[in-house]
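J.: got a predicted structure here, sequence first:
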Amino acid sequence: MKSKNAALLAIPVLLIAIPTALFSQKPPRGETAATGSDNLLLATMEKELRRGQSELAKQYPAPYFASYNVTDGESLVILSAQGAILNSTRTHNRAADVSMRIGTPALDNTHDKERASGITSGQLPLRDDPDAMARVLWRLTYDEYRKARQAYTNVKTQSAVRAKDEDDSADFSAEQPATFIEGSPTPAFPDQKAWEELARRYSASFRKYPQVEQSMVFLLATNSHSYLVSSEGTKIVTTDAIFRIMIEAETRAEDGMQLMRVETYQFTDPAKFPSEAEVAQNVQKMAKDLSALRAAPLAEPYSGPALLSGRAAAVFFHEVLGHRIEGQRQRGREEGQTFTKKLNEKILPEFLSVTDDPTLHTLAGTELSGFYRYDDEGSPAARVEVVKDGILKNFLMGRLPVKNFNNSNGHGRAQAGLMPVGRQGNLIVTSSKTIPDVQLRTRFIEEIKKQGRPYGLYFEDIQGGFTLTSRDLPQAFQVLPVMVWRVYADGRPDELVRGVDIVGTPLTVLTQIAATGDTTSVFNGICGAESGSVAVSAASPAMLFSEMEVQKRKYGDERPPILPPPPGAMDMKGGSK
């Protein structure tokens, strides 16, 4: 997504996209991403970087900074439906990013719209052949130098004819070089055949529910080694292993609205995977939810009291606040700069504080997707206090400075092939004035009655959302709920509704938070923005809003299937019951 569209995407979007990106190469027989080749690969990168810098120093203009970043990863992706394997692929991939800066840190080739000129990417050989790897790095280095040199010429020309920007901060911050070599081993990679059997058993649970038109189970294992060396002297090697299950179910209402439920699990140890009984129980709930949603009435546009569960509030804060306190959004003529000039001003109720802490691996017993040791520019991950007692204190910074914030605080992040910028990691909302969740519902009903409304809306679960930060578009957000209930003031049972999105503008809605619950919930997801897709987490207690606006959701007119599903459930071995 481009910079004007920053979004939190539910994990299913990433998992559905992953297979097409990873199926391009198969690992050589007997070779995996995690071999004893760390020293050889790192040595080759360092040697070629030194050689390239030495030779390019003779050119004019010469680069003042260069770095190599290699991701050596192994992945296993299995897709299963109705107890059958649809796809099972194991891949090994080595991707190299060569970054280069020409000019000075105050003004270089990455300035403004030329930022993409700072990186060139390619594929490294899978086998540990230093000559072959050096050859690829040499070619990428020269390609990057040509691109950066032309961009620097463009930057100097534009700087001579354009009016001065309000924020004339430098293009690159000065940071201390870091050295870190990961020592902890990663868990053993799962056996492909064993995981296929597991996926079959998980997905077969949907056979009992013919009202579910389509269902899938994704199993994903990734084991990656990242290597970063720079001309400043940074040398970092980190290893990460992630194991995920994504269970997705879909159906369609009579009016054509597509309905979806998703459950995800994420661990750093495959031994923690849920039992078949636990998965079957979740599948049953997903099927029940979909049946209820098909029969639920359409929601109407509404503005009034609203209660968000912890997960829903976490996604809300990621979209409404999180993207707007990312450093690069505070400079440039295209950004809306919602909070740029609100430092040390109140932007939230005084009982709320917000931090972003990528150093946290778990929270409330849940593993966090946004954990990392060093960011993608080689800066150590750090806890950043963004809002303290309602007062804006800080921004999430990479190595792109903004006015009054000249250094990174370890939040420069990107997917391979893209330039890092300030991004969220683990965004955590805390409250100094909590009330028990049961009392929060009572307070919610009191607020409904106080405003003379027949009902308020309770948002139980949310699948994602997006926000707009560019100044040429409305400074708005849209959050996509899944399970939404009308809570009636007269004591009638809660009523499930469908087809509603939360909308609004940040400066208005953030002032409407009236109370919070006492239990923190976590949302793990994938965030897409101008530096690509990165893993993030958001955590928050449940929140009561005195006013929130919703609108009807757009949907198609395709009717449900005319034909009923094939008769007869199937047993686990594939035969008819």
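T.: Great, that's in hand. Model, not experiment: these values are computed from the prediction.

J.: neighbours around Gln551, how many?
T.: Residues lying near Gln551 (other C-beta atoms under 10 Å) number 17. Any C-beta I mention is one placed from the backbone N, CA and C, and that applies to glycine too.

J.: may I have the secondary structure class of the closest residue to Asn407 other than its chain neighbours?
T.: Counting by C-beta to C-beta, 6 or more residues apart in numbering, Asn407 lies nearest to Ser173, which is 5.0 Å off, once chain neighbours are set aside. Of the three states, Ser173 takes coil under DSSP: H, G, I helix; E, B strand; the rest coil.

J.: does Ser173 touch Pro401 like I think?
T.: Yes. At 5.0 Å, Ser173 and Pro401 qualify as touching, with contact defined as C-beta atoms under 8 Å.

J.: of those two, who's got more company?
T.: Ranked by neighbour count (other C-beta under 10 Å), Ser173 and Pro401 place Pro401 first, with 24 against 19.

J.: who touches that one in this structure?
T.: Pro401 makes contact with 169-173, 407, according to C-beta atoms under 8 Å, 6 or more residues apart in numbering.

J.: how about 10 Å then?
T.: 105-106, 167, 169-174, 327-328, 330-331, 407-408 (C-beta atoms under 10 Å, 6 or more residues apart in numbering).

J.: got it, and Glu547?
T.: 303-306, 447, 451, 504, 508-509, 511-512, 514 are the contacts of Glu547 under C-beta under 10 Å, 6+ apart.

J.: do the same with Ala199
T.: 78-81, 83-86, 88, 216-219, 245.

J.: neighbour-wise, which of those residues leads?
T.: Val217 (29 neighbours).

J.: grab the nearest non-local neighbour of Thr430.
T.: Looking at Thr430 with C-beta to C-beta, 6+ apart, the closest residue is Ser353, at 5.1 Å.

J.: any idea which helix or strand carries that neighbour?
T.: In this assignment (DSSP states H and E), Ser353 forms part of strand 352-356.

J.: my read: Asp165 touches Arg331, true?
T.: Yes. At 7.3 Å, Asp165 counts as touching Arg331 under the criterion of C-beta atoms under 10 Å.

J.: quick one, what contacts the residue nearest to Thr430?
T.: Shown in contact with Ser353 (C-beta under 10 Å, 6+ apart): 385-391, 393, 428-432.

J.: what's the answer for Arg261, then?
T.: By C-beta under 10 Å, 6+ apart, Arg261 lies in contact with 212, 215, 247-251, 282-283, 285-290, 293, 461, 463, 482-483.

J.: quick one: it from Asp289, how far?
T.: Distance, Arg261 to Asp289, by C-beta to C-beta, to the nearest Å: 5 Å.

J.: now list whatever residues contact both of those two.
T.: Shared between the contact lists of Arg261 and Asp289 (criterion: C-beta under 10 Å, 6+ apart) are residues 249, 251, 461, 482-483.

J.: now restrict those to buried residues only.
T.: Among the shared contacts of Arg261 and Asp289, the ones that count as buried by 16 or more other C-beta atoms under 10 Å are 249, 251, 461, 482-483.

J.: and Met246, what element?
T.: Going by DSSP H and E, Met246 is in strand 235-252.

J.: by how many degrees do the next helix or strand after that strand and strand 235-252 diverge?
T.: Downstream of strand 235-252, the first helix or strand assigned by DSSP H and E is strand 258-267. With axes from the mean of the first three to the mean of the last three C-alpha atoms, to 10 degrees as the basis, strand 258-267 and strand 235-252 are set at 150 degrees to each other.

J.: tabulate the buried ones among the shared contacts of Arg261 and Asp289 in JSON lines, adding columns for pLDDT.
T.: Shown next, in JSON lines, are these (pLDDT from 0 to 100):
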{"residue": "Ala249", "pLDDT": "97"}
{"residue": "Thr251", "pLDDT": "95"}
{"residue": "Asp461", "pLDDT": "92"}
{"residue": "Val482", "pLDDT": "92"}
{"residue": "Met483", "pLDDT": "96"}
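
J.: in those, find the pair that's most separated.
T.: Thr251 and Asp461 (16.2 Å; C-beta to C-beta).

J.: who does Arg413 form a beta bridge with?
T.: Val421 (DSSP bridges).

J.: next up, the contacts around it.
T.: Taking C-beta under 10 Å, 6+ apart, we find Arg413 in contact with 326, 358, 370, 372, 375-377, 381, 396, 398, 420-425, 527, 529, 531-532, 534-536.

J.: how about Asp289?
T.: 249, 251, 259-261, 296, 460-461, 482-483, 496.

J.: of these, closest to Ala364?
T.: Each of the contacts of Asp289 was checked against Ala364 using C-beta to C-beta; the closest is Asp461, at 17.4 Å.

J.: so whichever strand or helix holds that closest one versus strand 258-267, what angle?
T.: Per DSSP H and E, Asp461 falls inside strand 455-468. With the same axes, to 10 degrees applied, the angle from strand 455-468 to strand 258-267 works out at 70 degrees.

J.: centre of the chain to strand 455-468, how far?
T.: Between the centre of strand 455-468 and the centre of its chain there are 17 Å (C-alpha atoms, centre = their mean, to the nearest Å).

J.: any buried residues in that strand, and which?
T.: Using 16+ other C-beta under 10 Å as the test for burial, strand 455-468 gives 455-468.

J.: assign a three-state SS to Arg149, would you?
T.: Applying three-state DSSP to Arg149 yields a three-state assignment of helix.

J.: check contacts around it.
T.: Contacts for Arg149 (C-beta under 10 Å, 6+ apart) come out as 56, 59-63, 100, 102-103, 109, 117.

J.: most widely separated two among the residues you listed?
T.: The span of the contacts of Arg149, defined through C-beta to C-beta, is set by Tyr60 and Ser117 at 17.5 Å.

J.: so for the two, which residue has more residues nearby?
T.: A count of neighbours by other C-beta under 10 Å puts Ser117 above the other of Tyr60 and Ser117, at 25 against 7.

J.: give me the neighbour count for the residue lying closest to that one once chain neighbours are set aside.
T.: Computed as C-beta to C-beta, 6+ apart, the closest residue to Ser117 that is not its neighbour in sequence is Ala151, at 3.3 Å. Counted with other C-beta under 10 Å, residues neighbouring Ala151 total 23.

J.: against Gly256, how distant is Ala151?
T.: 48 Å.

J.: can you tell me the SS state at Ala280?
T.: With three-state DSSP as the basis, the three-state label of Ala280 is helix.

J.: tell me how many other residues crowd it.
T.: Neighbours of Ala280 under the rule other C-beta under 10 Å: 17.

J.: now Leu298
T.: By other C-beta under 10 Å, the residues close to Leu298 number 14.

J.: for Trp485, grab phi and psi.
T.: The phi/psi pair for Trp485 (degrees, to the nearest 10) reads phi -130, psi 140.
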